Structures are given as C-alpha cells and as structure tokens.
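A.B. asks: Here's a sequence, model it:
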Amino acid sequence: MIMTVMELAAKLGEAIKEDARITALNEARAAYESDTQIAQYMAEYNVQQKALSHQVSMPERDQVVINSIQNRIDELYELISNAPAFIALNEAQEAVNEFMNQVNAEITYHITGEQPCTHNCSTCGGCGHSH
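C.D. replies: Residues are numbered from 1 along each chain as shown. Alright, predicted model coming up:
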C-alpha cells in the first residue's frame with residue numbers, strides 16, 4: 001500500500017503525540033494552568049499593564065505613579081517566572097522544541113541529503129559550525 005505524504009505526516013504526528021516529551025509538556029501545561037497563585041499574579045499583571053498604558057497615554061504623566069506601576073509589574077514578572085510550574089513548563093517546552101528541531105532535521109536530511117546545522121553539534125557529529 002502506497003501512502004501519500006499527508007497520510008505519512010498524519011502517522012508521524014500521531015507518533016510524535018505519543019512521545020514522552022509531548023506528554024511531559026501537556027502535564028506541565030496543565031499544572032501551570034491550574035496553579036491558582038500564578039493565575040492571581042497573571043490577573044494582577046494584566047491589570048497593572050493596562051494601568052501603565054493608561055498612565056503613559058495621559059497628557060500630564062505622573063512619573064511617580066508610572067514608576068510605582070512599573071515596579072509592581074517587574075515584581076509580578078519575577079514571581080511568575082520563578083514559580084515552579086512556570087519553570088517546569090518552560091523546560092518541557094524547550095525539550096519539545098529541541099525534539100521537533102531534530103525531527104525537522106531528519107526530514108530535511110532525507111529530502112536534501114544534507115544534515116542541516118542545528119547549532120547543537122551533538123545532533124550532527126561535527127558540522128564545523130563555530131559556536
């Protein structure tokens with residue numbers, strides 16, 4: 001039976017979906033989305049961003065208020081980006097991105113006969129790319 005490219009792509013997509021890295025990403029995303037503390041920080045972050053936009057657009061800006069809002073935005077950013085669920089989600093996303101780059105490199109290799117430089121020499125055995 002000869003499969004079309006789209007049928008093979010669908011099978012590849014199904015196989016990728018079963019990879020442990022995809023599962024880990026889905027679990028990390030669910031944990032992040034269910035983290036009520038992050039949700040509270042994100043809600044306040046969005047409110048603070050709107051307040052900052054409003055203050056900056058006013059004809060007579062109050063720099064003290066603008067600085068205060070910006071400081072709170074910076075604090076919230078730190079709280080969010082240092083939250084374990086956020087860190088786990090980023091790490092899982094990076095693993096999936098690397099995996100997908102490897103998949104794309106493999107497909108490219110079979111199309112062109114050349115192994116593309118991924119800027120990660122562990123994937124090509126020495127492409128001569130200088131880092």
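
A.B. asks: shouldn't Leu89 be in contact with Arg29?
C.D. replies: Yes. A contact is recorded between Leu89 and Arg29 when judged using CB atoms under 8 Å, the distance being 6.0 Å. Placement of C-beta: from N, CA and C, glycine included.

A.B. asks: ok, these two, which is more surrounded?
C.D. replies: Neighbour tally, Leu89 and Arg29, criterion other CB atoms under 10 Å: the higher count belongs to Leu89, 22 against 15.

A.B. asks: distance of Glu75 from Glu33?
C.D. replies: To Glu33, Glu75 is 22 Å away according to CB to CB, to the nearest Å.

A.B. asks: Secondary structure class of the residue nearest in space to the middle of the chain, three-state.
C.D. replies: The geometric centre of the chain, computed from its C-alpha atoms, lies nearest to Gln93 (CA atoms, centre = their mean), at 5.1 Å. For Gln93, the reduced secondary structure class is helix; criterion used: DSSP: H, G, I helix; E, B strand; the rest coil.

A.B. asks: Distance of it relative to Met3?
C.D. replies: Remark: distance between Gln93 and Met3 (CB to CB) = 31 Å.

A.B. asks: thinking again about what came up before, so Glu75 and Glu33 - more neighbours on which side?
C.D. replies: Of the pair Glu75 and Glu33, Glu75 is the one with more neighbours under other CB under 10 Å, namely 14 against 11.

A.B. asks: can you give me phi and psi for Arg61?
C.D. replies: For Arg61, the backbone dihedrals are phi -80, psi 140 (criterion: degrees, to the nearest 10).

A.B. asks: just so I have it, where are all the helices in this protein?
C.D. replies: Under the criterion DSSP state H, the chain contains helices at 5-17, 20-33, 36-57, 63-81, 84-112.

A.B. asks: any chance of the ones you listed in a markdown table, plus mean pLDDT?
C.D. replies: Below are the helices of the chain laid out as a markdown table (pLDDT from 0 to 100):
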| stretch | mean pLDDT |
| --- | --- |
| helix 5-17 | 96 |
| helix 20-33 | 98 |
| helix 36-57 | 97 |
| helix 63-81 | 97 |
| helix 84-112 | 96 |
